[in-house]
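1. just coords:
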Ligand SMILES: [Zn+2]
């Protein structure tokens, strides 16, 4: 018989798992980023998940996904649920094999979440969730990986304190933090096809490896744990608050980064005139 009580024995003295166990985490997007973040959270003692994704696990996903070959052809929400339950059978999972743009009861799901994890691969879903989180004062953490895995970024929306995703985009237009960088997922369909077919020389030379993505998912997970700790009366003793709410991480010395493992920390405050969270809001 399994001894589930022993599951967290090795981390319990360091990290009070029980304090986080009521947290409800909504994972929007169960691809390479979302799946790895969810697994990290499960291993940190998070037990209540709502998974949103409407995709199937394909052979080409496996090399960067938490779910391996045995799950090819399965819905990503089912595959990921199985992997999480394998780590901890006490986990409760609410599965939504649905398009986030069409999901009518999404506002209710957001409202009851401690934190929303934005790991989708497109802007419209992120901006819908940004709007819902601002409206319901729910924290979210978004993680994005840049093309060729040269780096990435993680941003934590803290209700009543930080700016929102629209504020961040406004700020980025005026700064050099990620000059010339494009996010992997925002490349056009046509370009993406070519990339997966490895027709672009640049991509062929330096594909984004899972190890590069995993730096970003590690920051992403840390910010999510911090966001949860901000919602509970007692913060786990060794989970110290993260001061900044936005980090840009460079994996290697490719413009705009000039070193391996380069970290830029930024505190994003609400931006003047933001149409979503600020005084530019439409009444
Ligand atoms: Zn804003």
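-> On my side now, so go ahead. Quick caveat, the model's predicted, so the values are computed rather than measured. Numbers count the residues shown, from 1 in each chain.

2. and the next helix or strand past the helix or strand hosting residue 154?
-> Taking DSSP states H and E as the definition, one finds residue 154 inside strand 151-157. Using DSSP H and E, the next helix or strand after strand 151-157 towards the C-terminus is helix 165-173.

3. so which elements touch that next one?
-> Secondary-structure packing of helix 165-173 (3 or more C-beta pairs under 8 Å, 6 or more residues apart in numbering; DSSP states H and E): helix 123-136, strand 151-157. Where C-beta positions appear, they are placed from N, C-alpha and C, glycine not excepted.

4. ok, and does the strand holding residue 154 reach over to the ion?
-> No: if you take C-beta under 5 Å from the ion as the test, strand 151-157 misses the ion, and the best it gets is 8.6 Å.

5. partners of that strand, with directions?
-> Here strand 151-157 has these sheet partners by DSSP bridges: strand 139-145 (antiparallel), strand 246-250 (antiparallel).

6. of the helices and strands packed on helix 165-173, which stretch is the most buried?
-> Comparing these by mean neighbour count (mean count of other C-beta atoms under 10 Å), strand 151-157 ranks first with a mean of 26.

7. distance from the chain centre to that one, please.
-> Taking C-alpha atoms, centre = their mean, to the nearest Å, the mean C-alpha location of strand 151-157 is offset from the chain mean by 8 Å.

8. show me the contact partners of that strand.
-> 130, 133-134, 139-146, 162-165, 168, 178, 181, 212-213, 215-216, 219-220, 223, 226-227, 242, 245-252, 257, 262, 268 (C-beta atoms under 8 Å, 6 or more residues apart in numbering).

9. and residue 72, what does it touch?
-> Contacts of residue 72 (C-beta under 8 Å, 6+ apart): 57, 58, 59, 62.

10. retrieve the pLDDT associated with it.
-> Among the per-residue scores, residue 72 holds a pLDDT of 98.

11. and the stretch 151-283 of the chain, which residues reach the ion?
-> Residues of the stretch 151-283 of the chain lying near the ion (C-beta under 5 Å from the ion): 163, 164, 166, 167, 274, 276, 277.

12. now render the helices and strands packed on helix 165-173 as a markdown table, adding distance to residue 82 and mean pLDDT.
-> Formatted as a markdown table, the helices and strands packed on helix 165-173 follow (distance: least, C-beta to C-beta, whole Å; pLDDT from 0 to 100):
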| stretch | distance to residue 82 | mean pLDDT |
| --- | --- | --- |
| helix 123-136 | 24 | 96 |
| strand 151-157 | 27 | 95 |
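
13. can you redo those as JSON lines with distance to residue 73?
-> Output for the helices and strands packed on helix 165-173, formatted as JSON lines (distance: least, C-beta to C-beta, whole Å):
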{"stretch": "helix 123-136", "distance to residue 73": "24"}
{"stretch": "strand 151-157", "distance to residue 73": "29"}
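
14. ok, residue 240 to the ion distance?
-> Here residue 240 is placed at a distance of 27 Å from the ion (C-beta to the ion, to the nearest Å).

15. would you mind finding the most buried of the strands paired with strand 151-157?
-> Mean neighbour count (mean count of other C-beta under 10 Å) peaks for strand 139-145 among those, with a mean of 26.
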